[in-house]
Structures are given as structure tokens and as C-alpha cells.
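> sequence first, predicted model second:
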Amino acid sequence: MKFGWKTWVAVGLTLALVCVGVATRDRWWPHPRVTAPEEGVPASWAQFKTSTGHEAHLKTGKVTCSDCHDLARDGFKNPGSAPCARCHATEAKTGHGGKVEAKAECLTCHVFAPTEKAPVCMDCHAKAEGKLPGIVHHKTDCASCHRPHQALSIVAADCTSCHKERAPEHAAHAGSQACADCHNPHESAAVAEASCVGCHEQARQAPAAGHPKCEGCHEPHSFVATGTSTCVGCHGNKPTLLASTEPKHAICISCHAPHDPGSAASSCKGCHQDVSVAHGSQGACVSCHKPHPANPLLKVQACTTCHGAIANADTKVHGPGLSCDSCHHPHDFTPPRGAGLCVTCHATETARAASSQGHRVCATCHGTDIHRPVPSPGCATCHKAEASSAPPGHQACVSCHEPHSATQKAGATCVTCHAKEAKGNHESVKAGCATCHRPHGPGGPATPPGCVTCHARATLPALHSVAAHANCASCHSSHGPTRSDRATCTTGCHADRRTHQTDAPVCSGCHVFQR
């Protein structure tokens, strides 16, 4: 049978309409859609429909494959979490944050694969994620506190339903979150021990040395320190300076701040504001006042406890029996310098020395070590010329000179020691002893001058002019009477006259030497 061209055109148009109808039947086909058409469905459908996600969505018959899968474009390829928002807009808007590295999506927690087990919270949260610590407590029943898809994602549970501890004093402050002030629900309870410094500024700025944990003094969940009894529990009963007479000294926290016990050395100022200490580098009161001495009645330690190089006892410095506090006053240990210090005990000497240019500074003669002053300095240290020229008997300078003013002592003259010589032949000499003698050099006659210096031979009377009488010392001494007895004349010069006029006691009775 032959068909005409018109017949073939009609057949072609019919086939075209059938194809278009098949492609668009879902839009106009009057019968209901099937959930899982047998034709075109992968063989794995038998396994996938048993998964938690597929079973929950498809068993009611309200959701079809095409609601989530774009069958025309991707077939049954995994569509991801994007289609979920079509029905679960509220949940998608407040979705789970998930890991820091990769944000969670719906399929992270909701499983649609048949071989995959539905995850639990601890699968992700058992380990730390970024700044979030891993959960080590309260691992079960997360939903009792957490609502993953609600605006208030955390519902505070009542801790006291399980925990009987109470801390009413600690929870009384404004803004308190009760147990959450110290405890993170997911962290170990031991972590709370280090959380105190987060709120307590004093503990953060001055961590207590030797007191590493707050609960060493504060009982957890009551937080009330028990005062001195707490200190004694670790440190025992210690002898305390003057505790029997000073009530505050018997209380540890009078000196030891609970959160800064190491600052006790500077705490004395709290009660002793009027005391200003200047003790070199040892400014703290406890340098001398030991807070916990073996003998609590000992108010102050001996100076020689530290200054043993100066003396072995406080009463053996600067001369026998003189104590440290004779020059060093309590709390002001720096004595005045120079004569200002010495004048306290040596007022007379310092007043005299002030008039002497070379003796004004005490250290010039007594040395610079005030703890070991030179008791009898040698004048020759400065007065070498005088010391080397002083004749025997004049070596002790202080015999004639007042040592501090360096002036001649009142009444100290040659006659003081040489009274007999002063009454001799030269008593009337106008210049006195200094005419022939000097107490020491460099001024004055080094040796007595010859007699003729004053007694010119041409002016001497009678037998003085005889040449044999030229040696004055034959008959005269400087300070004794004239010798004109027979023994003087007949022993040396006139031996041949011993028998001459034996009754005459002196030769000068006839042989005159005066006018």
C-alpha cells in the first residue's frame, strides 16, 4: 500500500504531539503522581528508601522525589541542603553553626545515605574546635539544654536538680548567672578553679605568691575565707613581734594581704604613717624589726646583727661603752657629717678647733673612720719641721699646745718646766729664754749663741779683759751663779796658786772682775 505525502505529514505531526505530551504530562496529566515510579529509578533506590532521611520524608506520601531532586536536569544526583529550605525555612534560618573550619549544613546531621549512621552531637563536639573546648561533662541528652533550630538555642537547665552545692553569697551580685559564673557546662569542674581571676581584678593583678589556688583559703560554693584560722592551717602558729601587747600583730591579715601576702614588708605604713625610715637600701621596717623573731618580745634587732664588721656588740663602737644609738637615731640612721656629728659629745673640742684653720675638720687628726677614731694623732703628720727640730723634752707637743686650737696652753711658759733656769744670771734679759733658746724650729736660734753676742769683750770690766779669761764657760754657766771659788780657779788654770792665801774662800775677793 502506498501512502501520499499528506499521509506522512499527518503521521509526523501525530508523533510530535505524542512526544510533547509525554514531556509535559506532569503539568496536565489528570491522574495523581506516584512517589517512586518504577521506570527510570536507579536500582539503588531499594537501599536509599530505607535511610533515616528518605523514610522520614517519603513514608507520609506528602513529599515526592521531584520535590528535592531535579529529575530533568540531574536525575537522582545528591541535591545537597539547598532544597531543605523550601519546607524548613525557619530551621534553615537558625541553622547549626557547625565546625569552625567547615560550616555545618542540613545533611551534616540529617542522614539520607542508607549505609550512614545518624550522627550524635558528641561525634563533633568531643574534641576542641578552634576556641571552643571539647565537651568533657554533660555529654548526654544535649537536647535538654540545646535547641539547634530555635532562636534561643540554649535553654539553661537547673543545675540544682543534680548538684546540691549552693553558693548564695557568690550569686548575689548584679548580672550573676548563678553556677555559670564559674562553671562552663561542657568543661571539667577543675577548670572553674582558674576562673576566679576573670572577675576578681585584685587576684588578677596581684596573684598571691605561695597561694596558687583561690580554694586554698576560700571554700568552694561558700567562698568565705575563714581569716587567721585559714593561715594557721598551712603556716602554723608563728611567734609574732610584740603580739602579746599589740593586738593587730596577732592577726595575720593585719600585715599579710590575703591576695598579696608578699607585700607584708611594706604594710607597716598602714599603722605607722608617722615613721619615716632612712636606712640606706634597707628601707623596710622588717630590716630591724623582725616580724616573726625567735623571741617575740625582742622589739628591735641589734645593729651588729648586720654590721658585725664595725663591732661585735652595739656598745663597743667609737670608744668603750658608746652604743650605736649615741650617733644613729632610730628611723634616721644617717648622722650629720663632720663636726656636726662630733659636737654632740665633743662640744668644747669642736669649738676650739673652729678657730684653727688646720684643725677645723676632725678627720684631719682623728681619721675618717668614725667607728675607729685615732685617739692620739701624731702632730708630726702635719708639723714635720717642728717635730724634727724640737729638742729633747719638747717632743710632746701637747705639753705646751692645746691640741684642738693649736694655741699655747694658758700658763704654759718656759718657767713651767724650767723654773730653776729662769732664776739664773739671765733672769732679767728682756727677750727672755727665746734670746738663746727655741722650743722647736724652724724659727728661733737652733743653738744658744756665744756669750760675746751680748757681752762684748771690750766692754767687760777688770780681769774679764785678760786673754786667759776669754773662755766664759770656765767660770760661768748659762743659768747658774758665777764660779769664783778656789777650786774653780786652782783646779784648771791656776794650779800653782793652790797654797796661796789658803784662808781665802774665793779668789775674787782680791782679784776682782767687777768695776
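Right, received. Where do you want to start? Numbering: from 1, shown residues only.
> so where's the stretch 301-450 of the chain uncertain?
The stretch 301-450 of the chain contains residues with pLDDT under 70 at 339.
> what's the burial count for P261?
The local packing of P261 (other C-beta atoms under 10 Å) involves 19 other residues. Using the backbone N, CA and C atoms, a C-beta is placed for each residue, glycine as well.
> do the same with V191
Applying other C-beta under 10 Å, we find 15 residues neighbouring V191.
> that one should be in a strand, yeah?
No. Using DSSP: H, G, I helix; E, B strand; the rest coil, the assignment for V191 is helix, not a strand.
> so what's it closest to, chain neighbours aside?
With sequence-adjacent residues excluded and distances taken as C-beta to C-beta, 6 or more residues apart in numbering, V191 is closest to N184, at 6.5 Å.
> thought the one you found was touching P133?
Yes. N184 is within contact range of P133, at 7.3 Å (criterion: C-beta atoms under 8 Å).
> toward the C-terminus from the least confident helix or strand in the chain by mean pLDDT, list the very next helix or strand.
Least confident helix or strand, the chain: helix 25-28 with a mean of 42, by mean pLDDT, DSSP states H and E. Toward the C-terminal end, the helix or strand that comes next after helix 25-28 (DSSP states H and E) is helix 45-48.
> export that following helix to PDB, keeping only CA atoms.
Taking C-alpha atoms only, helix 45-48 is exported to PDB below (Å, rounded to 0.1, in the frame of the first residue of the first chain):
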ATOM      1  CA  TRP A  45      16.600   3.100  45.300                       C
ATOM      2  CA  ALA A  46      15.700   0.000  47.300                       C
ATOM      3  CA  GLN A  47      18.600   0.800  49.700                       C
ATOM      4  CA  PHE A  48      18.200   4.600  49.800                       C
END
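> identify each buried residue in that helix, please.
Neighbour counts over helix 45-48 (16 or more other C-beta atoms under 10 Å) mark F48 as buried.
> what does it contact?
Taking contacts as C-beta atoms under 8 Å, 6 or more residues apart in numbering, the residues outside helix 45-48 that touch it are 36, 54, 76, 112-115.
> give me the below-cutoff pLDDT ranges for this structure.
1-40, 97-102, 201-210, 225-229, 280-283, 339.
> domains in it, as residue ranges please.
389-449, 451-515 (automatic domain parsing).
> does C84 really touch C106, like I thought?
Yes. At 4.5 Å, C84 counts as touching C106 under the criterion of C-beta under 8 Å.
> give me the common contacts of these two.
Jointly contacting C84 and C106 under the rule C-beta under 8 Å, 6+ apart are A92.
> right, and the domains of the chain - which one's nearest C214?
Relative to C214, the nearest member of these by C-beta to C-beta is domain 389-449, separated by 69.0 Å.
> compute the first-to-last residue distance for that closest one.
One end of domain 389-449 sits 17 Å from the other (C-alpha to C-alpha, to the nearest Å).
> which stretches of the stretch 201-350 of the chain form helices?
201-205, 228-235, 339-342, 347-353 (DSSP state H, counting those that start in this stretch).
> same question, the stretch 351-500 of the chain
Using DSSP H, counting those that start in this stretch, helices in the stretch 351-500 of the chain cover 363-366, 384-389, 414-417, 419-422, 486-492.
> return the most buried member of those helices.
For the helices of the stretch 351-500 of the chain, the largest average neighbour count (mean count of other C-beta atoms under 10 Å) is found in helix 363-366, namely a mean of 17.
> what helices or strands is that helix leaning on?
Packing contacts for helix 363-366, counted by 3 or more C-beta pairs under 8 Å, 6 or more residues apart in numbering; DSSP states H and E, involve no helix or strand.
> what about 10 Å?
helix 339-342, helix 347-353 (3 or more C-beta pairs under 10 Å, 6 or more residues apart in numbering; DSSP states H and E).
> in JSON lines: these, plus mean neighbour count and distance to S405.
Output for the helices and strands packed on helix 363-366, formatted as JSON lines (neighbours: other C-beta atoms under 10 Å; distance: least, C-beta to C-beta, whole Å):
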{"stretch": "helix 339-342", "mean neighbour count": "16", "distance to S405": "14"}
{"stretch": "helix 347-353", "mean neighbour count": "16", "distance to S405": "4"}
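> can you put those in TSV and add distance to G509?
TSV is the format used below for the helices and strands packed on helix 363-366 (distance: least, C-beta to C-beta, whole Å):
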stretch	distance to G509
helix 339-342	68
helix 347-353	58
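> among those, which is nearest A434?
Comparing these against A434 with C-beta to C-beta, the closest turns out to be helix 347-353 (25.3 Å).
> mutual contacts of N184 and P133, please.
V191 (C-beta atoms under 10 Å, 6 or more residues apart in numbering).
> for stretch 464-483, measure first residue to last.
This stretch, stretch 464-483, spans 13 Å end to end (C-alpha to C-alpha).
> same question for stretch 477-485.
14 Å.
> residue numbering should commence at 16 henceforth.
Got it, first residue is 16 now, which makes that one stretch 492-500.
> what's the closest of the helices and strands packed on helix 378-381 to C300?
So among those, helix 354-357 is nearest, using C-beta to C-beta, at 24.8 Å.
> S281 is in contact with A299, isn't it?
Yes. At 6.5 Å, S281 counts as touching A299 under the criterion of C-beta atoms under 10 Å.
> for H185, grab the count of nearby residues.
Neighbour tally, H185, other C-beta under 10 Å: 19.
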